[in-house]
Every structure is written in C-alpha cells, then in structure tokens.
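Undergrad: below is the sequence, then the predicted model.
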Amino acid sequence: MPELPEVETTRRGIEPHLQGRTIKKLVVRQPSLRWPVPDNLPRLMKGKVIQSVERRAKYILLKLSNGSAILHLGMSGSLRIIEADEPPMAHDHVDMMLDSGQALRFTDPRRFGCLLWQGVKEDTHKLLASLGPEPLSDQFDGERLFQLSRGRKSAVKTFIMDNKNVVGVGNIYANEALFAAGIRPDRAAGKISKQRYLLLADEIKIVLAKAIEQGGTTLRDFVGGDGKPGYFKQQLKVYGRGEELCLVCKGELTEIRLGQRSTVYCRRCQR
DNA sequence: ATAATCACCTGCTCGC
DNA sequence: TGCGAGCAGGTGATTA
C-alpha cells in the first residue's frame, strides 16, 4: 500500500500511539524481508523511548535515543496498532510491544518492505543518504526538474519517479500529475520546457497534498480494524482507467508500459 | 553517466 | 473446479 500519501497517512495514524512510549520488546517472527532485519535490532530497541515518528521519502523513521528504526512498506506492507495479546496471522512479521499494552504490528505479504537501523547521525544509512528533496518542500520545484532533465532522454514519467530527482512520486501519482499537467508520460524528459516543468512540479504537489488530506479521514483504521487505509481510487483520473474515457475530453484513454509500469494517459489532453 | 532490465515475494484475476 | 500466465502501488542491483 505504498505511495507517499499512504505512508504519510500511516505515519500520522500511528504517531499518537507511539510517541513517548517505551518499547518493551521487539518480536521478529520473519526476519527475511527485502533485506534481513538486523539480528541485534531487538537488543538495540528494547527499553528505549520513541522520541518521534518521522517520514523521509516513503521511509518511516522511529527515532530513539540511540538511533532510528527505518521502516519501508514495500508494495504490500502495512502498519497498525493492536492490543498486545492479538494473535498473529500469516505475514505478521514484526510486533513492537509497547508499555501501553498495545503493539505496533508490521504486516507484509510480499516482503518487499524492510526494517533496518541507523545510528544517531541522521540520513547516514545508504538508503537515505542520496535521496532527492521531499516533493512538498520548497527544495522541490519545476526549476530543479528543468535543470536536472537537460540532456536526458528517458521518459518524463520515469524521470519524476527517480528518487534522486524527487522522492515519493510513485506510479499512481506520476500518472495523475502528468495528466493534470497535460504532459505525455513518454515524452523525453530533456525536451520539456521550463514552463511546463513549473506546472508539473505544482501538479505533483497538489495531487500528493490532496491525497494526504483525504487519507486523513481514515486514521481510525490504524487502530484495530484491518489497518488498510484505501487508495482513494474514486479520485483518480487516469490510473487504473485504461480503455475508459477521459473525464475531460471523453476520448478513450491510452495504456502503455513504461519501465514495466502501467502508464495511462489521454492522447488529446496530454502532449 | 545514463538507460534498460532484473530481482526480491505472495496473492489475485483472467482465460482456457 | 483447476491451473498456468500475467499483473500489482517499490526500488536497489545488475547489465548494456
């Protein structure tokens, strides 16, 4: 369930239950995630207070006094708050037992997610060290996209999904932002004008911010329940609508594959 | 350096 | 009803 809005919604949902709590125990049932959960992680986290619950790109960071846990949900991961005695189901790989009598449970059928560790120095982990700017920050704008894209021949959709350029733009929102900006996803990144990149950057911010805002209404789902926040599919204008009609011009949408990802656009509205 | 492909997994849908 | 094929929201590693 991993696009940036879902990760941020998850962060907001679990934060009130974690911040200030002491970790009584870390239970790792399945250490074989995308990368192995470090053997010494239970020892590092036991007895520590969770100082804050932060997010960088699609990583959720649990900050302790001696370092930070780095969580990624991969393609199918989810986090939710449970009562400590709730029995684990298949794919419930990790429980973080809290002094509140609750636990943070990490579930991930495909095991593309990860749970790693870095010391007190922030962003030193290899996975975090060379990430581009957050899409909703002032460090990200169309000027940056324009400069970085000069001379680049790859498709603009692939370009905005590259986390060196900007983080957190996954397949769904890349499709949506390009539709909103009226840009064909397969156009060479290096051949798009500065003016159009200014518009595209704005649309990326708008679509992500809107999705986060709407995610906010499902926060209750993180406690008990099934912990799945839904993807606001009803809001999507192109993603998942291949062969259907464009909501603006009523023409048939086109579906292609770009870097093996499903890509949907309108030939008339996007140039 | 850049671009394209592969790989890590399970679960679900589709067509036969 | 069963079974293989193909696909899924991520992204680092590997190959040209």
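TA: Everything's here; your move. Numbering: from 1, shown residues only, chains lettered A, B, ... in the order given.

Undergrad: in the stretch 1-150 of chain A, what residue comes closest to DNA strand B?
TA: Residue nearest to DNA strand B within the stretch 1-150 of chain A (C-beta to the nearest atom of the strand): A:R110, separated by 3.4 Å. Just so you know, the C-beta spots here come from the backbone N, C-alpha and C atoms, and that holds for glycine as well.

Undergrad: ok, that residue touching A:H93?
TA: No. Using C-beta atoms under 8 Å as the test, A:R110 is too far from A:H93 to be in contact (11.2 Å).

Undergrad: higher neighbour count, those two?
TA: When neighbours are counted by other C-beta atoms under 10 Å, A:R110 and A:H93 differ, and A:H93 comes out ahead with 23 against 12.

Undergrad: which helices and strands sit right next to the strand or helix carrying that one?
TA: Following DSSP states H and E, the helix or strand that holds A:H93 is strand A:92-98. Identification of packing neighbours for strand A:92-98 by 3 or more C-beta pairs under 8 Å, 6 or more residues apart in numbering; DSSP states H and E yields strand A:23-28, strand A:102-107.

Undergrad: let's see it at 10 Å
TA: helix A:4-18, strand A:23-28, helix A:41-45, strand A:67-72, strand A:78-83, strand A:102-107, strand A:114-118 (3 or more C-beta pairs under 10 Å, 6 or more residues apart in numbering; DSSP states H and E).

Undergrad: tell me the angle of that strand relative to strand A:67-72?
TA: 150 degrees (axes from the mean of the first three to the mean of the last three C-alpha atoms, to 10 degrees).

Undergrad: how about the helices in chain A?
TA: Remark: helices assigned in chain A by DSSP state H are A:4-18, A:41-45, A:126-129, A:142-149, A:156-160, A:171-181, A:194-215.

Undergrad: what's the second one in contact with?
TA: Just to be clear, that refers to helix A:41-45. A:23-28, A:31, A:38, A:62, A:64, A:66-67, A:69, A:94, A:96, A:115-117, A:119 (C-beta atoms under 10 Å, 6 or more residues apart in numbering).

Undergrad: the same query, at a cut-off of 6 Å, please.
TA: A:I23, A:L26, A:W117 (C-beta atoms under 6 Å, 6 or more residues apart in numbering).

Undergrad: now do that helix, average pLDDT.
TA: Averaging pLDDT along helix A:41-45 yields 98.

Undergrad: in that helix, what's buried?
TA: A:L41, A:P42, A:L44, A:M45 (16 or more other C-beta atoms under 10 Å).

Undergrad: the first one now?
TA: Of the residues in helix A:4-18, those buried by neighbour count under the rule 16+ other C-beta under 10 Å are A:4-15, A:17-18.

Undergrad: so which of the residues you listed is the closest to A:D85?
TA: A:H17 (16.1 Å; C-beta to C-beta).

Undergrad: bridged to the residue nearest to the closest one when sequence neighbours are not counted, which residues?
TA: Nearest non-adjacent residue to A:H17, counting by C-beta to C-beta, 6 or more residues apart in numbering: A:I81, 4.6 Å away. On the basis of DSSP bridges, A:I81 is bridged to A:L104, A:V223.

Undergrad: quick check, pLDDT for A:I81.
TA: 95.

Undergrad: neighbours of it, how many?
TA: A:I81, neighbours per other C-beta under 10 Å, totals 21.

Undergrad: list the contacts for A:E244?
TA: A:E244 neighbours (C-beta under 6 Å, 6+ apart): A:L253.
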